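[1] here is a sequence with its predicted model. Questions after.
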Amino acid sequence: MCGINGIISSVRDSQLINVLSDMNNLIIHRGPDQDGFFNCENRIFMGMRRLSIIDLSSGKQPISNNDDTISIVFNGEIYNYVELRKKLINKGVAFKTNSDTEVVLKMYEFYGKEFLKDLDGMFAFSIYDKKLNTVLIARDFFGEKPLYYTKSNNTFMWASELKSIIKALPTKPNINKRSLNLFLQLTYIPAPYTIYDGIHKLEANHYLEFDCNNFSFQIHEVNQKFKAYSEISKSEAKKLTHDMVQESVSSRSIADVSLGTFLSGGVDSSIVSLCLAQQSSTKIETFSIGFDEKSFDETDKSRTVAKLINSNHHEFIISEKDLTANIDEIILNFDEPFADSSALASYVVSNKTKEYVTVALTGDGGDEVFGGYNKYYMGSLNDKYTKFIPKTLHNCFLSGISSLLNTNQDNRGKRFKINRLLKSINYEGDFYYNIISLGFHESEVKEFLKENLYNENSLAYYKNKIGDKNKTLSDFRNIDRIISLEGDMIVKVDRTSMLTSLECRAPFLNKEIWNFTSQLPEKYLINGWDKKHILKESFKDYFPKDFLNKSKKGFGVPVGDWLRANLKSELLSYIDKSFIEKQNIFYFETVSNLVNNHLQGKIDNTFRVWTFYCFQKWYKQTYEK
């Protein structure tokens, strides 16, 4: 695991190696073990920071081919590199190291860019081909590893984290209007956007080809060659699910350093931990966090699994003080507004886990791959509701009942869920985009943002790409893969874990498992009200009766209460009238009412106020210091 940076200049500039060094120094947390630099004629520069996981002795980067005409810097892991290496050796290819990085280099040298479809892994890398005078930059299927880029008249730069690019620019870019609207709606900013004008994220499953001769680039989607699964019985699907998950856990547990699992006690982390324990000849290390706030604590479930698989279980009970101790460092490390509050808990468990191991397997992706979210029920619910309830009646009903459904506490109970559900109902067919808008509803954004910053239909790029008349479970899962998974879930885990120099691997984020489940009948994934049906059926015999059917809350964090207490004075400073007017982004009266209604306990506005708080914290750090 590493972090990478790169610069291409249209003219020779020997000083750019110092710029690259500064970019590298900002991401030492991603790779504290080594650094490395590549410089071709003071025009093409690549740098990296390495967290040593595989081939500790000889895997130093950059790595070049035999005649030094092809060089690579690589961030991530290739899980099928042993198999790919054997195939290349059989074709007469020689290797200098045992690293997966050299396998990627040799695959490119032997097959060209077509090799991208053969990689099973999480990665972002850049390869300079001296003969073609091109740079190939690629990102994995789910976008587990980040990659940012920007181009000016004379310079093209890329990096694993935004902070490296911002450091290298002469001035801070302006806020991108569409990205601001996306953030307020979603609470994060998915690829290809960033909060800044002119800086972009390379989308998952895409590659960028930069032609150094004419100083231009093109971006393409990787054309995956997926296996076709003919119509299979449920028993066959159960066996395939079981075997594919076991194999994925096995491939993602290859490391030359200590390894364990996050074990929350939910379906996904329990199955991953079980598989690793079954495959290991010694006790595995498992890690969970509990909360001294009992309504958020679920450690009893993780203890049950730890006892079942006989692991060395580490349980950390954390308090509000633990979660808020590093709140600035955690939130600001995203380098752009990011308001998923569970990032605080993800950081704490990563930081505690790093004291024992260097790699942790997680259950991330299980809900998207196997259909585990309650929101996936919404397809049939929206259809039935809109068929029988006219739109005019719905609007009257919603306006009349909204005040009754408002709560004054951050308990996220039935009234909160019903309110969210009713506000998501959509008669135009794109209701699922309402469901994933966890911050402000699109209609609300217009009330908060100054007119010159409001962007109508900020999700248009994704609706054009994915479609806006989504009705099937496959549609919803695909929206989540492209927007929510890439923009939120994966970002949260990558930044919080890498901030502690811990590598996280997610066995469910396996593109072949995704391909397999995407071809299954939907009833195999959600059977009536039974979510993740085929996954649970495949592993239920290993667990106590009905254990996999127990509800799981996830990393809920009571930020709504904190905003009324320890964070109150800071929050109030963000709605100071002179600050708001100088900022010239929000309407003062609207944001003031939103915040004060929350602080006074009149209406629980946790999600929207936390979204506002995270933006203002980022803005003040970025533009006011």
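    Great, that's in hand. Note that the coordinates shown come from a computational prediction; the quantities given were computed from them, not determined experimentally.
[2] ok, and the closest non-adjacent residue to Gly379?
    Lys471 (5.4 Å; Cβ to Cβ, 6 or more residues apart in numbering). Just so you know, the C-beta spots here come from the backbone N, C-alpha and C atoms, and that holds for glycine as well.
[3] what's around that neighbour, how many residues?
    16 (other Cβ atoms under 10 Å).
[4] verify the stated contact: it with Asp383.
    Yes: at 6.9 Å, Lys471 counts as touching Asp383 under the criterion of Cβ atoms under 8 Å.
[5] where does the stretch 51-200 of the chain have low pLDDT?
    52-59 (pLDDT under 70).
[6] 50 instead, please
    Applying pLDDT under 50 to the stretch 51-200 of the chain flags no residue at all.
[7] helix or strand with the lowest mean pLDDT in this structure?
    helix 414-424 (a mean of 65; mean pLDDT, DSSP states H and E).
[8] does the spatially most central residue of the chain belong to a helix or a strand, and which?
    Among the residues of the chain, the one closest to the centroid is Ile490, at 1.6 Å (Cα atoms, centre = their mean). For Ile490, the enclosing helix or strand under DSSP states H and E is helix 490-499.
[9] again with Lys446
    Assessed by DSSP H and E, Lys446 sits inside helix 442-448.
[10] what about that helix, distance to the chain center?
    26 Å (Cα atoms, centre = their mean, to the nearest Å).
[11] may I have it as CSV, with CA atoms only?
    The C-alpha coordinates for helix 442-448 follow below in CSV (Å, rounded to 0.1, in the frame of the first residue of the first chain):
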residue,chain,number,x,y,z
GLU,A,442,-32.5,19.0,-3.8
SER,A,443,-35.4,21.4,-3.3
GLU,A,444,-33.9,22.5,0.1
VAL,A,445,-30.5,23.3,-1.4
LYS,A,446,-32.0,26.2,-3.3
GLU,A,447,-33.2,27.8,-0.1
PHE,A,448,-29.7,27.7,1.5
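[12] average pLDDT across it?
    Here helix 442-448 scores 92 as its mean pLDDT.
[13] ok, stretch 223-238 next?
    Stretch 223-238 carries an average pLDDT of 94.
[14] Asp335 contacts Ala159, correct?
    No: contact status for Asp335 versus Ala159: not in contact, 9.9 Å apart, counting by Cβ under 8 Å.
[15] who has more neighbours out of the two?
    Ala159 (30 against 24).
[16] surely that one touches Tyr148?
    Yes: between Ala159 and Tyr148 a contact is recorded at 5.2 Å, counting by Cβ under 8 Å.
[17] and for these two, which residues touch both?
    Any residue near both Ala159 and Tyr148 by Cβ atoms under 8 Å, 6 or more residues apart in numbering counts here, and that gives Ile165.
[18] which ones are touching the nearest residue to Glu336 once chain neighbours are set aside?
    Distance criterion Cβ to Cβ, 6+ apart; nearest residue to Glu336, sequence neighbours excluded, is Ile195 at 4.0 Å. With contact taken as Cβ under 8 Å, 6+ apart, Ile195 is in contact with 175-176, 179-180, 183, 189, 336-337, 618.
[19] now the buried members of the residues you listed.
    Neighbour-count burial (16 or more other Cβ atoms under 10 Å) is assigned, among these, to 175-176, 179-180, 183, 189, 336-337, 618.
[20] and the furthest pair within those residues?
    Among those, the pair separated by the greatest distance (Cβ to Cβ) is Asn176 and Trp618, at 13.4 Å.
[21] the nearest residue to Lys151 once chain neighbours are set aside is in what secondary structure piece?
    Spatially, and ignoring its direct neighbours in sequence, Lys151 is nearest to Phe217 (7.3 Å; Cβ to Cβ, 6+ apart). Per DSSP H and E: Phe217 is located in strand 216-221.
[22] contacts for whichever helix or strand comes after that strand?
    Proceeding N to C from strand 216-221, the next assigned helix or strand is helix 234-251, under DSSP H and E. Residues outside helix 234-251 that contact it (Cβ under 8 Å, 6+ apart) are 79-80, 120, 232, 271-272, 275-276, 278-279, 361, 507-508, 510, 512-513, 516, 520, 524, 534-535, 537-539.
[23] ok, now stretch 378-386?
    Stretch 378-386 has contacts (Cβ under 8 Å, 6+ apart) with 394, 421, 424-427, 431-432, 435, 470-473, 475-476.
[24] can you flag the buried ones in the residues you listed?
    Here the buried ones among these, as counted with 16+ other Cβ under 10 Å, turn out to be 394, 421, 424-426, 431-432, 435, 470-471, 473, 476.
[25] may I ask which two of those residues are separated the most?
    Among these, His394 and Leu473 lie farthest apart (Cβ to Cβ), at 23.9 Å.
[26] mind checking how far the closest residue to Lys617 other than its chain neighbours is from Asn597?
    Of all residues beyond its chain neighbours, the one nearest Lys617 is Ile331 (5.9 Å), with distances taken as Cβ to Cβ, 6+ apart. Distance of Ile331 to Asn597, given as Cβ to Cβ, to the nearest Å: 23 Å.
[27] please apply the same query to Leu259.
    On the measure of Cβ to Cβ, Leu259 and Asn597 end up 47 Å apart.
[28] higher neighbour count, Ile331 and Asn597?
    Ile331 (20 against 16).
[29] got the contact list for the more buried one?
    338, 343, 614, 617-618.
[30] show me where pLDDT drops low in the stretch 201-350 of the chain?
    Using pLDDT under 50, nothing in the stretch 201-350 of the chain is flagged.
[31] as a check, name the ranges of all strands in it.
    Taking DSSP state E, counting those that start in this stretch as the criterion, the stretch 201-350 of the chain carries its strands at 206-211, 216-221, 259-262, 285-291, 312-318.
[32] pick the most buried one from the ones you listed.
    Highest mean neighbour count among the strands of the stretch 201-350 of the chain (mean count of other Cβ atoms under 10 Å): strand 259-262, with a mean of 26.
[33] from the chain's centre, how far out does that one sit?
    19 Å.
[34] which residues does that strand contact?
    With Cβ under 8 Å, 6+ apart as the contact definition, strand 259-262 has outside contacts at 253, 269, 272-273, 276, 284-288, 349, 353, 356-363, 504.
[35] ok, it: who's next to it in the sheet?
    strand 285-291 (parallel), strand 359-361 (parallel) (DSSP bridges).
[36] between those, which one is closest to Cys40.
    The closest of the strands paired with strand 259-262 to Cys40 is strand 359-361. By Cβ to Cβ, the value is 33.1 Å.
[37] show me which positions of that closest one end up buried.
    Applying 16+ other Cβ under 10 Å to strand 359-361 flags 359-361 as buried.
[38] for those, give me JSON lines that also has pLDDT and distance to Pro32.
    Shown next, in JSON lines, are those (pLDDT from 0 to 100; distance: Cβ to Cβ, whole Å):
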{"residue": "Val359", "pLDDT": "95", "distance to Pro32": "15"}
{"residue": "Ala360", "pLDDT": "97", "distance to Pro32": "17"}
{"residue": "Leu361", "pLDDT": "98", "distance to Pro32": "21"}
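[39] picking that back up, make JSON lines out of the contacts of Ile195 and add distance to Trp562 and secondary structure.
    Converted to JSON lines, the contacts of Ile195 look like this (distance: Cβ to Cβ, whole Å; DSSP: H, G, I helix; E, B strand; the rest coil):
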{"residue": "Ile175", "distance to Trp562": "26", "secondary structure": "strand"}
{"residue": "Asn176", "distance to Trp562": "29", "secondary structure": "coil"}
{"residue": "Ser179", "distance to Trp562": "26", "secondary structure": "helix"}
{"residue": "Leu180", "distance to Trp562": "24", "secondary structure": "helix"}
{"residue": "Phe183", "distance to Trp562": "21", "secondary structure": "helix"}
{"residue": "Ile189", "distance to Trp562": "24", "secondary structure": "coil"}
{"residue": "Glu336", "distance to Trp562": "22", "secondary structure": "coil"}
{"residue": "Pro337", "distance to Trp562": "18", "secondary structure": "coil"}
{"residue": "Trp618", "distance to Trp562": "18", "secondary structure": "helix"}
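[40] alright, calling it a day.
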